[in-house]
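Student: Based on what follows, work out the 3D shape:
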Amino acid sequence: MARILRHRRPLAAVAACLPLAAGLTACGSGSAGSSSDTLVVAMWTNPAAVQATQAIDTAFEKAHPGVTIKLQTAPTTAGAWPALQSSLLASKDVDVLAQFAQSPTKYPSAATKIQPSGTAALVANKQFLDLSSQPFMQRFDPATQKFTMGYQGGVYGVTTAEYVNNTGLFYKKDLLAKYGLAVPTTFDEFIGDLKTLKSKGVSPVFVAGKDGYQSIIWFGIYNQLLMQDQPASSAVNVWMQRDQQFWNGQQNWNSPVYQEAAKRYEEVMSYIEPNAGGVPAATASGVWATKADDFPFFVDGSFDGNTIAQANPSLNFGFFAVPGADNAAWNRADLAPDLTWAVPTWAKHRKLALEYLDFFTQQSNYAAWIKATGSVSTEPAVPTPSLKWTDWLTTHAAQGFIGTTLPWLPPSAGNGNPAGGPTLTDTLPFGTEPLAAALDKSASAYTAAVKG
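Tutor: Residues are numbered from 1 along each chain as shown. This is a model prediction of the structure:
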């Protein structure tokens, strides 16, 4: 598993606890609980993660008599999760709130006059507790936690999940074997495989185009091109330099690297399932899993691996990173630190919320959770689980780099502004606009926004 720094801190010994179902353990005195305590926990919908979290919640309730956990969930599509989060924040009715992990690029330099937004704004405005001194944080690599939720010396969340999002591709092992193909390692090999598969009458690539999952290919390719010939440990410097160059006018959306990425993206998109524009993310993994004789490749993050396995337990499938570059060594997984638990400063049950995070991150409970979710482990003492579809990931994740997607956006670039990059649902083959033209439009919009 890639890390900004690879220092490791040993996990303190975990006391023997009462065994529960699914490998969970119940520990805790229950001192924070009373008959009226309802701990509100909120996270976005990922079926495997929600189910695994519910198992931990049940174990926590058993260890804390009188405590009830109310788990609130919403899908990340169609604005449902942001709407739920906004409602919970406005009503101050949540104790443990899932956030997407951040990075240093979310806090632009003062010279830009850009104010942090989203999670970064909540952190900067001290809306979350600083967890850096909590004993359970000793179970984690401090450098990684500082990278994902660090700000001005504090750490405002605990990152428990890491997936391969951008660059993510699932594949059906039996279909590739049927046509004499191996997992491609370069872009030319990948396109060659797609051509072969299409000539055999199958639709090579399945993607949830309705919800924009084609961005996994777009971001994945250009991040690999930006990182080519760079060690994984240089990722943060690469992204910060890219942001600064965008801001100074030395780089823009129509710079050569993005033009090249656009050509490669459109070439891959020419092999997608013809009706992909109408495929929603909520059902895509299940459809792909049950259609064993078609769609050899599926564009999706590794967070859906166990969901696929549940949808079709007999499916022989694997996962790898899209090879967007010409050199096999450059085609590494774009790692995405993901689900991060934060505790609002105004939470009604702060002490109980911290006990919950301690319970969640205990070695046995956390090991069961990452096995159920297919996450890369963020606890050094807990190995990333070996599942039937994670063979490539287990071997190659350590060479991956922590990725990013967008440059600093000027204050005038609101939602929907092309300065933030092209909207892929509007570009070919989902819309009518060539991606190259969209890049030019985005470049002009970005320049205007910086000057404005």
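Student: drop to CA atoms for contacts and neighbour counts, all remaining ones
Tutor: OK.
Student: Following the chain onward from the helix or strand containing M240, which element is next?
Tutor: According to DSSP states H and E, M240 maps onto helix 235-248. With elements assigned by DSSP H and E, the helix or strand that comes after helix 235-248 is helix 256-269.
Student: what does the average pLDDT come to for that following helix?
Tutor: For helix 256-269, the mean pLDDT works out to 98.
Student: what does that helix contact?
Tutor: 191, 217-218, 221-222, 225-226, 324, 428-429, 435-436, 439 (Cα atoms under 8 Å, 6 or more residues apart in numbering).
Student: Now which of these would you call buried?
Tutor: 191, 217-218, 221-222, 225-226, 324, 429, 435-436, 439 (16 or more other Cα atoms under 10 Å).
Student: residue ranges for the helices of the stretch 251-400 of the chain, please.
Tutor: Assigned by DSSP state H, counting those that start in this stretch, the helices in the stretch 251-400 of the chain fall at 256-269, 281-290, 305-311, 350-361, 363-373, 391-396.
Student: Buried residues in the longest one, which are they?
Tutor: Neighbour-count burial for helix 256-269, counted by 16+ other Cα under 10 Å, picks out 257-259, 261-262, 264-266, 268-269.
Student: for the fourth one, same thing?
Tutor: For helix 350-361, the buried set under the neighbour-count rule, 16+ other Cα under 10 Å, comprises 350, 352-361.
Student: elements contacting it?
Tutor: helix 47-63 (3 or more Cα pairs under 8 Å, 6 or more residues apart in numbering; DSSP states H and E).
Student: try 6 Å
Tutor: On a contact count with 3 or more Cα pairs under 6 Å, 6 or more residues apart in numbering; DSSP states H and E, helix 350-361 meets no helix or strand.
Student: where in the stretch 201-350 of the chain is pLDDT low?
Tutor: In the prediction, the stretch 201-350 of the chain carries no residues with pLDDT under 70.
Student: follow-up on the earlier one: what two of the contacts of helix 256-269 are the furthest from one another?
Tutor: L226 and P429 (24.5 Å; Cα to Cα).
Student: can you list the residues that contact stretch 41-61?
Tutor: Residues from elsewhere that reach stretch 41-61 (Cα atoms under 6 Å, 6 or more residues apart in numbering): 26, 67, 71-75, 81, 95-98, 369, 373.
Student: How is this protein partitioned into domains?
Tutor: If you go by automatic domain parsing, the domain ranges for the chain are 18-163+336-401, 168-335+403-451.
Student: hang on, the earlier thing: could you save the contacts of stretch 41-61 as JSON lines and add columns showing pLDDT and neighbour count?
Tutor: Output for the contacts of stretch 41-61, formatted as JSON lines (pLDDT from 0 to 100; neighbours: other Cα atoms under 10 Å):
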{"residue": "A26", "pLDDT": "52", "neighbour count": "22"}
{"residue": "V67", "pLDDT": "96", "neighbour count": "20"}
{"residue": "L71", "pLDDT": "98", "neighbour count": "16"}
{"residue": "Q72", "pLDDT": "98", "neighbour count": "17"}
{"residue": "T73", "pLDDT": "98", "neighbour count": "18"}
{"residue": "A74", "pLDDT": "97", "neighbour count": "17"}
{"residue": "P75", "pLDDT": "94", "neighbour count": "17"}
{"residue": "W81", "pLDDT": "96", "neighbour count": "18"}
{"residue": "D95", "pLDDT": "98", "neighbour count": "26"}
{"residue": "V96", "pLDDT": "98", "neighbour count": "27"}
{"residue": "L97", "pLDDT": "98", "neighbour count": "24"}
{"residue": "A98", "pLDDT": "98", "neighbour count": "20"}
{"residue": "W369", "pLDDT": "97", "neighbour count": "28"}
{"residue": "T373", "pLDDT": "91", "neighbour count": "25"}
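Student: want to try JSON lines for those residues, with distance to G318 and secondary structure as columns?
Tutor: Shown next, in JSON lines, are the contacts of stretch 41-61 (distance: Cα to Cα, whole Å; DSSP: H, G, I helix; E, B strand; the rest coil):
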{"residue": "A26", "distance to G318": "34", "secondary structure": "strand"}
{"residue": "V67", "distance to G318": "41", "secondary structure": "coil"}
{"residue": "L71", "distance to G318": "31", "secondary structure": "strand"}
{"residue": "Q72", "distance to G318": "31", "secondary structure": "strand"}
{"residue": "T73", "distance to G318": "28", "secondary structure": "strand"}
{"residue": "A74", "distance to G318": "28", "secondary structure": "strand"}
{"residue": "P75", "distance to G318": "25", "secondary structure": "coil"}
{"residue": "W81", "distance to G318": "29", "secondary structure": "helix"}
{"residue": "D95", "distance to G318": "37", "secondary structure": "coil"}
{"residue": "V96", "distance to G318": "33", "secondary structure": "strand"}
{"residue": "L97", "distance to G318": "32", "secondary structure": "strand"}
{"residue": "A98", "distance to G318": "28", "secondary structure": "strand"}
{"residue": "W369", "distance to G318": "20", "secondary structure": "helix"}
{"residue": "T373", "distance to G318": "15", "secondary structure": "helix"}
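Student: what's the most distant pair in these?
Tutor: A26 and W81 (29.9 Å).
Student: Need the mean per-residue confidence for stretch 114-125.
Tutor: In the prediction, stretch 114-125 has an average pLDDT of 93.
Student: which residues touch it?
Tutor: 107, 411.
Student: Next, the buried residues of it.
Tutor: For stretch 114-125, by 16+ other Cα under 10 Å, it's 114-116, 119-120, 123-124.
Student: so how far is that stretch off the chain centroid?
Tutor: Stretch 114-125 has its C-alpha centroid displaced from the chain centroid by 19 Å (Cα atoms, centre = their mean, to the nearest Å).
Student: Do me a favour and get the end-to-end distance for that stretch?
Tutor: 14 Å (Cα to Cα, to the nearest Å).
Student: and if you look at stretch 401-411?
Tutor: Stretch 401-411: ends 29 Å apart by Cα to Cα.
Student: how far does that stretch sit from the chain's center?
Tutor: On Cα atoms, centre = their mean, the centre of stretch 401-411 falls 14 Å from that of its chain.
Student: ok, and what's touching that stretch?
Tutor: Counting by Cα under 6 Å, 6+ apart, 2, 114, 232, 243, 334-336, 449-450 sit against stretch 401-411.
Student: Counting neighbours, which of these comes out on top?
Tutor: With neighbours taken as other Cα atoms under 10 Å, the top of those is D334, carrying 30 neighbours.
Student: Show me what that one bridges to in the sheet.
Tutor: Beta-bridge partners recorded for D334 (DSSP bridges): F401.
Student: count of neighbours near P380?
Tutor: For P380, using other Cα under 10 Å, the count is 17.
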